[in-house]
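Novice: everything below, folded, please.
(2 chains)
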2 protein chains.
Amino acid sequence: MSGLRAAGQEVGVTSPVGLHRVVEPAGVLPQAAWRLDARSEIGPNEVRISVERLNLDAASFRQLRDKHGGDGDAVRAEVLDIIATRGKMQNPVTGSGGMLIGTVAQAGRRSPLGLKAGERVASLVSLTLTPLVVTDGLARWDGLSEQVPCEGWAILFARSIAAVLPEDLDPQLSLAVLDVCGAPALTERVVRRYVAERAGSGPVAVAVVGGAGKSGSLSLAAARRAGAGRTVGVVPTVAERDALVAAGLADEVAVADARDPVALSVAVTSALGVPADVTVVCVDVPGCEHGAVLATADGGTVVFFSMATSFAAAALGAEGLAADVTMLVGNGYVPGHAELALGLLREVPGVRGLFEARLAAD
Amino acid sequence: MSGLRAAGQEVGVTSPVGLHRVVEPAGVLPQAAWRLDARSEIGPNEVRISVERLNLDAASFRQLRDKHGGDGDAVRAEVLDIIATRGKMQNPVTGSGGMLIGTVAQAGRRSPLGLKAGERVASLVSLTLTPLVVTDGLARWDGLSEQVPCEGWAILFARSIAAVLPEDLDPQLSLAVLDVCGAPALTERVVRRYVAERAGSGPVAVAVVGGAGKSGSLSLAAARRAGAGRTVGVVPTVAERDALVAAGLADEVAVADARDPVALSVAVTSALGVPADVTVVCVDVPGCEHGAVLATADGGTVVFFSMATSFAAAALGAEGLAADVTMLVGNGYVPGHAELALGLLREVPGVRGLFEARLAAD
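Specialist: As a prediction, the model looks like this:
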């Protein structure tokens, strides 16, 4: 996919990380800014996208829906107000954003992203740092779903990432996969390292907490592809258990409340026969840190992808348990992440089935 | 140091992680609990300590001091109230605790910690999960310092960690080192891996943000011992710069505001000649995540030891910068961490000088 490329360090007329778009406070990066300058004129290393659809972050949409008691008009009004006020879509309570798809309207001649006008793309950097203007008042959105049909424009910096949408897949399916593509890519990298270090002296055991979800199902498939010898998906309900068993993505499926540390560690250890070498946390509820640490073997690694992760709870929890585990902040960017995730969707029927069922239910 | 040992998974009459001491809410681990049962009777795998001194976490003490406008009596009253109410010292605002020193009063016959009655020890697990009772009303504390002379008792679980205080060092000096001993141990491990992987094909460059502080100075010494080819310590003031230069712990010393991402990354890259392979964040102020990521080379690692780290800012920041960096939650426990840190204090005069100056100033 030649349209996907991380930008290098090239310095153009404007800042590769978008500092010139920060209005206030001065000196911070766009993600930390309160307000961005979303003017449509682009610098020579920027790209302007004609936006077609926003995909709000799940935590952000849930907060807005709950705040307004499910009143879609009120949700729409607040999203419009946020974008108009801040020049980007960043929920002030959750701090999260989402992503977008659209068409390349103009690519600056010094943009390193390799995009051409007319290409249909998804932005793989968060809406929290993407200058955005909405021009249609979100008239086609009922405020009742994370999927927001939208007219307007957005700006990509030199050091942004965008993927050209594949022609063989429904755009909404691609968007759902690209939204979480960092998780399987990092899981694949971590598991592969354990497999290489173990060098056949025993199977690598992997637990994915939230294994039936979007990032979770992709991470299970990635772990198996990377050579995991034994995998367990942990889910919160019998319905999700049945779906994950049917998808065939894990050797074992266990039902447990991930917020209960003893229940989670017992579920994982019982299913795998041993604590996990790698535990991947993909559930967006607070309070899963201690259970994940307890479920992981000494010398193992916990990868936290949940935005609800508490840094202090993880750090102090592992120390308090005298647990020699490596804990990774789930970085949403790993080179090649989009291709890897789309490849899993294409090649693993169980992944595709879960994604299509989820989209159909939305 | 035979008195230092992590407990295994042995199950005694009481829970090795202290679940039986949790009063509310039920089912969580002691660190996440609101209230612990701090009764003095111990289980067969527990240890009771006669407490001599508490060392409050810096962030916690600062919050209390600021809240009460520097009124020591009010600070003391609140600390007493917290301990009486919660059965442990955990600041409800910062969530942090600290550590303690004391003497082993009674060691259960099935305790795996290897402690004997009469030994003088420091607890290496946080006060946030340690059952604690104060019996002297903290009468010898003026409420104006993190060091709290104290009479009372505390309980260690089977899976706790304690270090016998070395006889060749002042106890306060040992305590200050043990308080942060996870940082140099993890830094040493990470840097050593980069050195091994590079295998002489070029020097490994290390940046320590907050290099003149306790965890920072130890981390600089650990990085050098692990084979770092080039090191920079970043400090916020000219006074700290002069102190760190005099200590001779880093090849370069740079002054920069770590909350300013561009300033921090320019300072590191200028000093090292390249971005850092390993960046260690040891400053207890919020907002350093983006600068640390920007200062780190692709393929590099950021280790966050600051309790002020925001998980979301780190995760979304790296993604937004398309930065292929590994981000570690600084686990306070690494096997051998106490011996490693005390060894650096004994063997590196610059470290000892900074610690002694800091204790003298308190």
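
Novice: and A:N91, what pLDDT?
Specialist: For A:N91, the pLDDT comes out at 94.

Novice: just checking, it touches A:D57?
Specialist: Yes: taking Cβ atoms under 8 Å as the definition, A:N91 is a contact partner of A:D57 at 7.3 Å. For the C-beta atoms, the positions are set from N, CA and C on the backbone; glycine is no exception.

Novice: the more surrounded of these two?
Specialist: Higher neighbour count among A:N91 and A:D57: A:D57, with 26 against 23, using other Cβ atoms under 10 Å in any protein chain shown.

Novice: got a pLDDT number for the more buried one?
Specialist: The confidence metric pLDDT takes the value 85 at A:D57.

Novice: OK, contacts around it?
Specialist: A:D57 makes contacts with A:N91, A:T94, A:S96, A:G97, A:G98, A:L127, A:E146, A:M307, as judged by Cβ atoms under 8 Å, 6 or more residues apart in numbering or on different chains.

Novice: next one: A:S50
Specialist: Residues in contact with A:S50, defined by Cβ under 8 Å, 6+ apart, are A:G102, A:T103, A:V104, A:A105, A:E151, A:G152, A:W153.

Novice: A:W141 too?
Specialist: Applying Cβ under 8 Å, 6+ apart, we find A:W141 in contact with A:R76, A:V148, A:P149, A:C150.

Novice: before we move on, back to that, quick one: which two of the contacts of A:D57 are the most distant?
Specialist: By the measure Cβ to Cβ, A:E146 and A:M307 form the most distant pair in the contacts of A:D57, at 14.5 Å.

Novice: out of the contacts of A:W141, which is most surrounded?
Specialist: A:C150 (25 neighbours).

Novice: and that residue, helix, strand or coil?
Specialist: Under DSSP: H, G, I helix; E, B strand; the rest coil, A:C150 falls in the strand class.

Novice: do a quick rundown of the strands in chain A.
Specialist: Ranges of strands in chain A, per DSSP state E, are A:22-24, A:35-36, A:47-56, A:98-107, A:120-123, A:132-134, A:147-156, A:162-164, A:205-209, A:230-235, A:252-255, A:276-281, A:296-304, A:326-329.

Novice: can you list the strands that the first one pairs with?
Specialist: Here strand A:22-24 has these sheet partners by DSSP bridges: strand A:35-36 (antiparallel).

Novice: wait, A:T231 sits on A:V206?
Specialist: Yes: counting by Cβ under 8 Å, A:V206 is a contact partner of A:T231 at 4.8 Å.

Novice: give me the neighbour count for the residue in the stretch 101-250 of chain A that chain B sits nearest to.
Specialist: The nearest approach of the stretch 101-250 of chain A to chain B comes at A:L129, 4.5 Å away (Cβ to the nearest Cβ). Neighbour count for A:L129, taken as other Cβ under 10 Å: 27.

Novice: surely it and A:G18 touch.
Specialist: Yes: shown here, A:L129 and A:G18 form a contact pair, counting by Cβ under 8 Å, at 6.8 Å.

Novice: which neighbours do those two have in common?
Specialist: Counting by Cβ under 8 Å, 6+ apart, the shared contacts of A:L129 and A:G18 are A:L29, A:P30, A:L36.

Novice: please convert these to a markdown table, extending it with neighbour count and pLDDT.
Specialist: Formatted as a markdown table, these follow (neighbours: other Cβ atoms under 10 Å in any protein chain shown; pLDDT from 0 to 100):
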| residue | neighbour count | pLDDT |
| --- | --- | --- |
| A:L29 | 23 | 90 |
| A:P30 | 29 | 93 |
| A:L36 | 23 | 97 |
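
Novice: which one of those residues sits closest to A:D277?
Specialist: Closest approach to A:D277 among the shared contacts of A:L129 and A:G18 (Cβ to Cβ): A:L29, at 34.9 Å.

Novice: for the closest residue to the closest one other than its chain neighbours, what are its contacts?
Specialist: Spatial nearest neighbour of A:L29, excluding adjacent residues (Cβ to Cβ, 6 or more residues apart in numbering or on different chains): B:H290 at 4.9 Å. By Cβ under 8 Å, 6+ apart, the contact list for B:H290 reads A:V28, A:L29, A:Q31, A:A32, B:P261, B:A313, B:G317, B:L321.

Novice: what's the local residue count around the first one?
Specialist: What it means is A:V28. By other Cβ under 10 Å, the residues close to A:V28 number 19.

Novice: quick one: pLDDT of it?
Specialist: Model confidence at A:V28, given as pLDDT, is 88.

Novice: same check on the third one?
Specialist: The predicted local confidence for A:Q31 comes out at a pLDDT of 90.

Novice: looking at chain A, which helix is longest?
Specialist: helix A:182-198 (DSSP state H).

Novice: what sits up against that one?
Specialist: Contacts of helix A:182-198 (Cβ under 8 Å, 6+ apart): A:204, A:206, A:208, A:215-216, A:218-219, A:221-223, A:225-228, A:277-278, A:280, A:282, A:301, A:303, A:305, A:328, A:330-334, A:336-337, A:340-341, A:344, B:319.

Novice: can you check stretch A:229-244 too?
Specialist: By Cβ under 8 Å, 6+ apart, the residues outside stretch A:229-244 that reach it are A:202-212, A:216-217, A:220, A:223-224, A:249-258, A:264, A:267-268, A:271-273, A:276, A:283, A:354, A:357.

Novice: most centrally placed residue in chain A?
Specialist: Nearest residue to the geometric centre of chain A (Cα atoms, centre = their mean): A:V180, 3.2 Å.

Novice: find the nearest non-adjacent residue to that residue, please.
Specialist: A:S215 (3.9 Å).

Novice: so that neighbour makes contact with A:A176?
Specialist: No: look at A:S215 against A:A176 with Cβ under 8 Å: they stay out of range, at 10.4 Å.

Novice: among the two, which residue is more densely surrounded?
Specialist: For A:S215 and A:A176, the more surrounded residue by other Cβ under 10 Å is A:S215, and the numbers stand at 27 against 21.

Novice: show me what contacts the more buried one?
Specialist: A:S215 sits next to A:V180, A:A183, A:P184, A:C282, A:F305 when contact means Cβ under 8 Å, 6+ apart.

Novice: settle this for me: the first one is touching A:S217, isn't it.
Specialist: No: the pair A:V180 and A:S217 fails to qualify as a contact (Cβ under 8 Å) at a distance of 9.5 Å.

Novice: report pLDDT for the residue nearest to A:V180.
Specialist: In the predicted model, A:S215 carries a pLDDT score of 95.

Novice: again with A:G12
Specialist: Note for A:G12: predicted pLDDT of 44.

Novice: sorry, back to before: most packed of the strands of chain A?
Specialist: Most buried of these by mean neighbour count (mean count of other Cβ atoms under 10 Å in any protein chain shown) is strand A:205-209; its value is a mean of 33.

Novice: chain B contacts on the stretch 251-362 of chain A?
Specialist: Counting by Cβ under 8 Å from any Cβ of the partner chain, the stretch 251-362 of chain A comes close to chain B at A:260-263, A:287, A:290, A:294, A:304, A:307, A:309-335.

Novice: residues contacting the residue lying closest to A:G97 once chain neighbours are set aside?
Specialist: Nearest residue to A:G97, sequence neighbours excluded (Cβ to Cβ, 6+ apart): A:L127, at 3.2 Å. Contact analysis of A:L127 by Cβ under 8 Å, 6+ apart lists A:L54, A:D57, A:K88, A:M89, A:Q90, A:G97, A:G98, A:M99, A:L100.
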